[in-house]
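**Q** using only what follows, build the 3D model:
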Amino acid sequence: MFSLVIGIIGVFCLAGFLIGRQRLIHQTAAAGARSHSLPNYYGLYVALWTGVPSVILVLAWLAAQGGAVDRLLLASLADSAVEGKGPAELSLLLTEIRSVASGRIFGQPSQAVIDAASRLNLWQALAGWGMVAAGSALALLGLFFTRRKVAPEFRARQGVERMFSALMIVSALAAILTTFGILLSLLFEAFRFFDRVPVGEFLFGLNWEPQIPLREDQVAGQGAFGAVPVFTGTLLVAFIAMSVAMPVGLFAAIYTSEYADRRVRAVVKPIMEVLAGIPTIVYGFFAVLVVAPALREFGRSVGLDVAPNSALAAGAVMGVMILPFISSITDDALSAVPNAMREGSYGLGATKAETIVNVLLPAALPGIVGGVLLAVSRAIGETMIVVMAAGLIARMTANPLESVTTVTVQIVTLLIGDTEFDNPKTLAAFALGLVLFLATLAMNITALKIVQKYREKYE
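**A** Sure, this is the predicted structure:
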């Protein structure tokens, strides 16, 4: 139904654009007067007021439809079916009804569930057609009323600009509110975790074994939530990745910006940027099937014991993955340095290498720091490569030849499978996410200070 109503609204918008434009053309031709705005602005004004309110109504309808249908469904059930059940049990009952309604039947559902599934299909169909009718009616009303405002003296361009300004403000507010919502949910769940596990134990404990019973019929240990091994593993893998990406990316950017011929640059730079578009799971397969076995064979040949899943394999492949972030942004920053600075350095007798080291790199430092920051954030937040190549066991080590785990790997591990968000094991994922967020925020603030300092110096 959503596709249908959006298609209908789109047809009304196109009709509104054509009607508004042609109405303005006919009016100016009949009156022999000039219009305030171009004809396309009048058509666009009618189209916007035809489509935007209708789309907002459809989205609000979709947001409210699920909850309203669920409440009606629960109210229609017999008292014996819902009596004494908590929110979790009612949610499971609704899930079963929705599964039966969609045709995914497992086992033999009760007759009450089958009848409720039939009612659910009926009510969803009625709600869908109601949404189509309401959206279409509002679009038609918008088309009818806004076309009457089309006149040569009407300031259509200002109206369109106000509409676009309002849309951009709403989009910005939606992004901000979404970010705040994510942060608040993260804080809420993390505080629930810290009610069960002391903050000091989490931040400074040296043992990470979050294996506790999730259900009453399970047997497991009491769990240990000292996250220092997880943090050290994350920093070790990120350090290896940056040790690979920073020198290679920086030197590649210097070459493409200052030494390479234009034809060479036109080929080399796009090829390097393709690395950023490769899916991370492909890098993970490459690390597991190629890099890790090669490291083990090399280690065996020189008498070193290399783990099957090592931090070195994961970090090296991750360094290749984040290489374009540093090389491309550094190249753009170096290219943006005014030629007058290069020529002034050459005029004082400096060589090309001295100009790069003493003039270009300091002048481009804000851009370079931005690229490095982006690469570090990507390295710390990467999941698939370390899941496949680094390991799952938290180990307190600085040896890159051993297996380690990272914050993102543990978040994935803790939230997979039979989970309930009412025990320290699953809530620990939110505590790890909060620490990761704060670490990234600290890096952003530090980089911003560095950028401001050197911009003030070189601008």
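
**Q** how many residues are close by residue 408?
**A** For residue 408, the count of nearby residues is 22 (other CB atoms under 10 Å). For every residue, glycine as well, the C-beta is placed using N, CA and C.

**Q** that one touches residue 384, doesn't it?
**A** No. Using CB atoms under 8 Å, residue 408 and residue 384 do not qualify as a contacting pair, with a distance of 9.1 Å.

**Q** quick one: residues contacting residue 42.
**A** Under the criterion of CB atoms under 8 Å, 6 or more residues apart in numbering, the contact partners of residue 42 comprise 20, 21, 23, 24, 35, 150, 154, 156.

**Q** same check, this time on residue 307
**A** For residue 307, the contacting residues are 391, 401, 402, 403, taking CB under 8 Å, 6+ apart as the criterion.

**Q** same question, residue 23
**A** Residues in contact with residue 23, defined by CB under 8 Å, 6+ apart, are 42, 147, 150.

**Q** recalculate using a threshold of 7 Å.
**A** Taking CB atoms under 7 Å, 6 or more residues apart in numbering as the contact definition, residue 23 lies against 147, 150.

**Q** what helix or strand does it sit in?
**A** helix 2-31 (DSSP states H and E).

**Q** then residue 244?
**A** Residue 244 belongs to helix 228-254 when elements are defined using DSSP H and E.

**Q** any chance you could list what contacts whichever helix or strand comes after that helix?
**A** Next helix or strand after helix 228-254 toward the C-terminus (DSSP H and E): helix 262-274. Defining contact as CB under 7 Å, 6+ apart, one finds that helix 262-274 is touched by 252, 256, 260, 323, 324, 327, 328, 331.

**Q** stretch 142-158 now?
**A** Stretch 142-158 is touched from outside by 12, 15-16, 19-20, 23-24, 27-28, 31, 33-37, 41-42, 45-46, 49-50, 53-54, with contacts defined as CB under 7 Å, 6+ apart.

**Q** buried ones among those?
**A** Applying a neighbour-count criterion of 16 or more other CB atoms under 10 Å, the buried members of those are 12, 15-16, 19-20, 23-24, 27, 35-37, 41-42, 45-46, 49-50, 53-54.

**Q** mean confidence for the helix holding residue 23?
**A** Helix 2-31 carries an average pLDDT of 84.

**Q** in the following helix or strand past that helix, what's buried?
**A** Read in the C-terminal direction, the helix or strand following helix 2-31 is helix 39-76, with elements assigned using DSSP H and E. Burial within helix 39-76, assessed by neighbour count using 16+ other CB under 10 Å, is assigned to 39, 41-55, 57-58, 61, 65, 69-70, 73-74.

**Q** ok, now stretch 391-408?
**A** Using 16+ other CB under 10 Å, the residues of stretch 391-408 that count as buried are 391, 394, 395, 400, 401, 402, 403, 404, 405, 406, 407, 408.

**Q** which of those residues lies closest to residue 315?
**A** Using CB to CB, residue 400 is the member of the buried residues of stretch 391-408 that sits closest to residue 315, with 6.9 Å.

**Q** that closest one looks like it's in a helix, true?
**A** No. Using DSSP: H, G, I helix; E, B strand; the rest coil, the secondary structure at residue 400 is coil, not a helix.

**Q** which one among the contacts of residue 307 gets closest to residue 109?
**A** After measuring the contacts of residue 307 against residue 109 - CB to CB - the closest member comes out as residue 391, at 42.8 Å.

**Q** could you look up the SS state of that closest one?
**A** Assigned by three-state DSSP, the conformation of residue 391 is coil.

**Q** residue 442 and residue 448: what is the separation?
**A** Here the criterion is CB to CB, to the nearest Å. By it, residue 442 lies 11 Å from residue 448.
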